[in-house]
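Colleague: Fold the following for me, if possible:
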Amino acid sequence: MMLDLDKEQLREALASAKQIEASLRERLREQDLVLSGLEALQGEEDPAVLQARVFDLLSRSVAFNLALVLEPEGEGFVCTAATDQAAVGARWPGGGFFSRVAHGRAAVTPDNRRVPEWGQCDGLSPLPGAGIYAPILAASGPGLLVLCSHQPGAYSARDGALVSRLSLLVSQTLAAAQRRRLSDAARSADIARKAAVEASEAKSRFLANMSHEIRTPLNGVTAVADLLAMTELAPRQQEMAQLIAQSGRMLERLLNDVLDFAKIEAGQLDIEREPFDLGPALHAMIDLFAAKADAKGLGFRAHIDPNAAGVFEGDSLRVRQILGNLLSNAVKFTEAGEVALHVSAEDGPEDALITLRVTDTGCGFTPERGARLFDRFEQGDDSITRQFGGTGLGLAISRSLAEMMDGAITWRSTPGQGSTFEATFRARRAPDAGRAGPEPAAPRHDPDLKVLVVEDNPNNRRIVAMILELVQAQATYAENGQEGLDAFAPGRFDIVLMDLQMPVLDGLSAIRRIRALERVAAAPPVPIIALSANAMTHHVAESLAAGATAHVAKPILPARLIQTMVGLVQDGAGHRPAQAAG
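Modeller: Predicted coordinates:
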């Protein structure tokens, strides 16, 4: 009897051991599936290949007719991968059973048609059979892995637990896909950034070259026209010379607008912070456009409030540029009546808000057209370009300049009655808060002035010669930087006019070598004016950095060049970087 009992206990223990062994073997198989799945995901970057491997691994673990990967989108879910591509894109609403699984545990259903979400699905009908729903983690949040079988009740709780473990592989696959997308996006952004930088650099080079090529012949037009106007001419001839000069100045102004806009787009335009007296700084523009208004038979009024008087720290050139654009448009588009300017300043704790208000009685414009005025290359309508000309850049540039000075430009207009533009900018009052001294008198020229002119273009050499004849200067000419260097000796010349783009030896290199010769000889530095069609901001900076005393841009204003030359000689300015003089 005892022997029979022992045998029965042994049989039960053996059966229990076999069950434990089977359970362990199944657990080991599941772990092996997960590990082999993780291994299969290594070294592969293509999300589609990874997803196909996961579906293959699932098919070797649990039988199914359809596998779906659902990711959250908006308030619901969308199928992003499936063993049947026709299912990709199907959508389910949020909430209910799907949301509970996505934020909780795996679930097994004997019949998919009992799941409420299937009845609200857009793009896919439920399979008439069992389903396993396991949570996964997608890039956009909690999602689901769904396995569907044609056979009702095909899945057990053990199958659900196994799929729940394997859903880790789906999450890994989705994470890899997100990394791939981010990597591709970063690579595309880097390629686009490099292309944009290259395009910007190419545009800058093109504009610099075009600026040089246009300014060189333009110098022959405007400078010669100015020189011609200084001679004894009949009234009719004087008028012709003035028309040539004015047309040249207009072309130069259009060129400057294009270059300024390119520099603003490239972020290469800097705002200077230098003391300037606001009233005198604006009077040149006021006088210029008062004369233009008078020539059209228009009234012109200008008033600068007492609170706007005094010295401020800012960029007087850009302030004049803004005012010039506003007054130019007002005079241009007004056929009868008047143009008025009012300048005011409102002091704040740290700086003053200065307002330039320009009012006209011109043609005006509608709000719809006004919204386009500050777009680049835009005017009120196409007929304005035909009637009045212009690039449509003036207001766009002025607005950018005002914003760079912590201001803005606003407008109001009534068609047929006129317009008002207000430009504001901020500027700190200078510490001494006094009015700047009077403008220095024009320097008198020295008939014994000895000038070295280094210029490769024969037309430009002749133009400079005509200008120097006005002051009876003694000139020596060189056709390239090397010839200029050979002609130079410390103490031989009072001033040097140096072109920048030349064969054999360029102007910047010649300037550096001249400065080196002066240092070796312990001689005082001679004033050097970079006289060049390279007129962009970085060209001026390069000239001064190389050792030039000043930079004068072509086309040359004869009076400005003479004043700059004689002023530097009288001041004894040598290697003391001064300015861009025009």
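Colleague: could you point out which element follows the helix or strand hosting residue 133?
Modeller: Element membership of residue 133 [criterion: DSSP states H and E] is strand 131-138. With elements assigned by DSSP H and E, the helix or strand that comes after strand 131-138 is strand 141-148.
Colleague: Give me the packing partners of that following strand, helices and strands only.
Modeller: Packed against strand 141-148, as judged by 3 or more CB pairs under 8 Å, 6 or more residues apart in numbering; DSSP states H and E, are the following elements: strand 66-73, helix 96-102, strand 131-138, helix 157-229. From N, CA and C alone the C-beta is placed, and that goes for glycine too.
Colleague: Look up phi and psi at residue 275.
Modeller: The phi and psi values for residue 275, taken as degrees, to the nearest 10, are phi -60, psi 140.
Colleague: hang on, I meant residue 81
Modeller: Torsion angles, degrees, to the nearest 10, at residue 81: phi -160, psi 150.
Colleague: Next, the residues that contact stretch 467-487 from outside, please.
Modeller: 223, 227, 230, 445-456, 461, 464-465, 493, 496, 498, 502-507, 509-510, 513-514, 556, 558, 561-562, 565-566 (CB atoms under 8 Å, 6 or more residues apart in numbering).
Colleague: pull the longest strand from this structure.
Modeller: When the chain is scanned for its longest strand (criterion: DSSP state E), the result is strand 418-429.
Colleague: Going by neighbour count, which residues of that strand are buried?
Modeller: Judged by neighbour count (16 or more other CB atoms under 10 Å), strand 418-429 contains these buried residues: 418, 419, 420, 421, 422, 423, 424, 425, 426, 427, 429.
Colleague: Report the beta-bridge partners for the last one.
Modeller: Beta bridges link residue 429 to residue 312, judged by DSSP bridges.
Colleague: before we move on, what about the fifth one?
Modeller: According to DSSP bridges, residue 357, residue 410 are recorded as the beta-bridge partners of residue 422.
Colleague: Give me the spatial nearest neighbour of residue 68, chain neighbours excluded.
Modeller: Closest residue to residue 68 apart from its sequence neighbours, by CB to CB, 6 or more residues apart in numbering: residue 146 at 4.3 Å.
Colleague: circling back: so what secondary structure elements neighbour the strand holding residue 133?
Modeller: Short answer (3+ CB pairs under 8 Å, 6+ apart): strand 131-138 packs on strand 66-73, helix 96-102, strand 107-109, strand 141-148, helix 157-229.
Colleague: Show me the contact partners of the first one.
Modeller: Applying CB under 8 Å, 6+ apart, the external contacts of strand 66-73 come out as 51, 55, 58-59, 77-84, 87, 90-92, 94, 98, 102, 127, 136, 138-148, 170, 174.
Colleague: what lines up beside it in the sheet?
Modeller: strand 76-82 (antiparallel), strand 141-148 (antiparallel).
Colleague: per-residue confidence averaged over that strand?
Modeller: Averaged across strand 66-73, the pLDDT comes to 94.
Colleague: Helix or strand with the lowest mean pLDDT in the chain?
Modeller: When each helix and strand of the chain is scored by mean pLDDT, DSSP states H and E, helix 382-388 comes last, with a mean of 43.
Colleague: What's the first helix or strand after that one?
Modeller: Using DSSP H and E, the helix or strand that follows helix 382-388 towards the C-terminus is helix 394-404.
Colleague: Pretty sure residue 365 sits against residue 395.
Modeller: No: if you go by CB atoms under 8 Å, residue 365 and residue 395 don't touch, sitting 11.7 Å apart.
Colleague: can you list residues touching both of those two?
Modeller: Counting by CB under 8 Å, 6+ apart, the common neighbours of residue 365 and residue 395 are residue 373.
Colleague: so which of the strands paired with strand 66-73 is the most packed in?
Modeller: strand 141-148 (a mean of 24; mean count of other CB atoms under 10 Å).
Colleague: Show residues contacting that strand.
Modeller: Contacts of strand 141-148 (CB under 8 Å, 6+ apart): 58, 62, 64-72, 77, 98, 101-103, 112, 126-127, 129-137, 155, 163, 167, 170, 174.
Colleague: and that strand with helix 157-229, angle?
Modeller: 130 degrees (axes from the mean of the first three to the mean of the last three CA atoms, to 10 degrees).
Colleague: Can you give the distance from strand 141-148 to the centre of its chain?
Modeller: Remark: strand 141-148 is offset 44 Å from the chain centroid, using CA atoms, centre = their mean, to the nearest Å.
Colleague: do the same with stretch 408-428
Modeller: 26 Å.
Colleague: what does stretch 165-173 give?
Modeller: From the chain centre to the centre of stretch 165-173 is a distance of 44 Å (CA atoms, centre = their mean).
Colleague: what about it, average pLDDT?
Modeller: pLDDT averaged over stretch 165-173 gives 82.
Colleague: so residue 540 makes contact with residue 546?
Modeller: No: Residue 540 is not in contact with residue 546 according to CB under 8 Å; the separation is 11.0 Å.
Colleague: Now the spatially closest residue to residue 217 that is not a sequence neighbour. Its backbone dihedrals?
Modeller: Leaving aside its sequence neighbours, residue 217 sits nearest to residue 459 (CB to CB, 6+ apart; 7.9 Å). For residue 459, the backbone dihedrals (degrees, to the nearest 10) come out as phi -60, psi -40.
Colleague: And for residue 342?
Modeller: Dihedral angles (degrees, to the nearest 10) for residue 342: phi -130, psi 130.
Colleague: Would you show me how to pick out the buried ones of the contacts of stretch 467-487 in PyMOL?
Modeller: Applying 16+ other CB under 10 Å to the contacts of stretch 467-487 leaves a buried subset, and the PyMOL line that selects it is:
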select buried, resi 223+227+445+449+450+451+452+453+454+455+456+461+464+493+496+498+502+505+506+507+509+510+513+514+556+558+561+562+565+566
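Colleague: The contacts of stretch 467-487 in strands, which ones?
Modeller: 450, 451, 452, 453, 454, 496, 498.
Colleague: quick revisit: which among the helices and strands packed on strand 131-138 is found nearest to residue 271?
Modeller: helix 157-229 (19.3 Å; CB to CB).
Colleague: What are the buried residues along the next helix or strand after that closest one?
Modeller: Sequence-wise, the next helix or strand beyond helix 157-229 is helix 235-265, with elements assigned using DSSP H and E. Residues of helix 235-265 classed as buried under the neighbour-count rule (16+ other CB under 10 Å) are 241, 244-245, 248-249, 251-252, 254-264.
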